[in-house]
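Participant: Need coordinates for the following:
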Amino acid sequence: MTIGALASLPIVGDLVKTAGEITKAVAPLAQPFADVLAKALGNALEPQNKSVEFSATQETEKRQINFAS
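Facilitator: Numbers count the residues shown, from 1 in each chain. Predicted coordinates:
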């Protein structure tokens with residue numbers, strides 16, 4: 001059995017409508033995961049260089065430690 005192009009338009013329209021309804025139903029459920037993923041990605045892309053400074057005034061430049069990840 002074959003379906004002509006004009007006869008298949010309502011079927012395609014119903015499929016698109018159903019897909020849109022599914023997307024609207026799933027989007028609020030996926031939003032918290034997307035927020036967590038975006039925050040984690042933002043933290044991962046931040047520079048992680050940290051320095052430790054000592055209170056002694058003599059040779060401070062030689063005693064500085066830099067942590068880089």
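
Participant: next SSE after the lengthiest helix in the chain?
Facilitator: When the chain is parsed with DSSP state H, its longest helix is helix 5-45. As assigned by DSSP states H and E, the chain's next helix or strand after helix 5-45 is strand 50-52.

Participant: and residue 41, how far is that from residue 26?
Facilitator: Residue 41 is 21 Å from residue 26, where distance means CB to CB, to the nearest Å. (Glycine included, C-beta is placed from N, CA and C.)

Participant: per-residue pLDDT, the residue positioned nearest the centre of the chain?
Facilitator: Closest to where the C-alpha atoms of the chain average out (CA atoms, centre = their mean) is residue 38, at 3.4 Å. For residue 38, the pLDDT comes out at 89.

Participant: what's the answer for the one 10 residues further on, then?
Facilitator: For residue 48, the pLDDT comes out at 67.

Participant: Kindly report the same for residue 31.
Facilitator: Per-residue confidence (pLDDT) for residue 31: 89.

Participant: same question, the one 3 residues further on
Facilitator: Each residue has a pLDDT score; the one for residue 34 is 89.

Participant: And for it, the neighbour number?
Facilitator: Residues lying near residue 34 (other CB atoms under 10 Å) number 10.

Participant: Next up, the contacts around it.
Facilitator: Under the criterion of CB atoms under 8 Å, 6 or more residues apart in numbering, residue 34 has no neighbours.
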